[in-house]
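Asker: Starting from these lines, generate the structure:
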Amino acid sequence: MAQAALDGLRLFGVATLESNAVTSLAGGTSIVPFRMLGAVVAPSRYVRVALDESEMAEYTRILEEVQANSSVLPAPPGTVFRTRESLARWLELHYFTLTQAIGVVEGHAEARVLITKSSTADAADATADEIKESTKQLAAVASDSLRVLRGQAAATISLPVAEDDSTVVSHASFLVDIERWGLFTELVAKEDQRHSDLDFRLTGPWPPYDFVRMEFGG
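Answerer: Next comes the predicted model:
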């Protein structure tokens, strides 16, 4: 039983392969190939993975390294297959869908834009009603800026904002053509300059974490 528990494979993502001769796309990983796709994997116990800071840092490192070499579809953090054979069957079963998804994200990267209130947005002596009205107005302004940014992205996803965080106005991910990354960066900077009551923070380029939903049931 102990030996069987060590035979699992942790799946980090599915990437395109130039040939089946490719054996790795990131340090500490190997490839389970099927046609022109490859599952990026590492040995793992077949148990639930504790997604602590160290595990997430390794997950991010591997996917960013893969992205530097190939288009990649990130798997949910902590995904583990029992055997190489079961993973190969999953790749074969979902090959068409995975290929289509790769086609959508190929040549693109994820940009995350966090919009927060500037330190001067709310006056120190403002009443609760005034702060509420100001927040509503800032949300409308942020929404307008997001529409501008969407014009330079292939896809956009709104990200959740914590209800107890009064500083965050909006948070969104954009699927941006790598060749237009510089233009997108400039556009975010212009929106930041245009709205003094808001601060725009751009991070990336990331693998397309928010634009991929893998299914493992059935």
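
Asker: Domains in this protein, by residue range?
Answerer: Structural domains annotated on the chain: 2-106, 108-210, as defined by automatic domain parsing.

Asker: which one of those domains lies closest to Phe216?
Answerer: Comparing the domains of the chain against Phe216 with CB to CB, the closest turns out to be domain 2-106 (7.1 Å). C-beta coordinates here come from the backbone N, C-alpha and C atoms, glycine included.

Asker: Okay, and the closest residue to Asp192 other than its chain neighbours sits in which element?
Answerer: Nearest residue to Asp192, sequence neighbours excluded (CB to CB, 6 or more residues apart in numbering): Phe200, at 3.9 Å. Take DSSP states H and E as the rule and Phe200 turns out to sit in strand 198-206.

Asker: Touching stretch 205-212 from outside, list them.
Answerer: Applying CB atoms under 8 Å, 6 or more residues apart in numbering, the external contacts of stretch 205-212 come out as 13, 63-64, 66-67, 72-74, 101, 104-105, 108-112, 155, 157, 159, 173, 175-176, 178, 181.

Asker: same thing but at 6 Å, please
Answerer: Outside of stretch 205-212, the residues within contact range by CB atoms under 6 Å, 6 or more residues apart in numbering are 63, 67, 72-74, 105, 109-110, 157, 173, 175.

Asker: Filter the residues you listed down to the ones in strands?
Answerer: Secondary structure from DSSP state E places 72-74, 109-110, 157, 173, 175 of the contacts of stretch 205-212 in strands.

Asker: out of those residues, which one sits closest to Ala50?
Answerer: For Ala50, the nearest member of those is Pro74. The distance, counting by CB to CB, is 18.8 Å.
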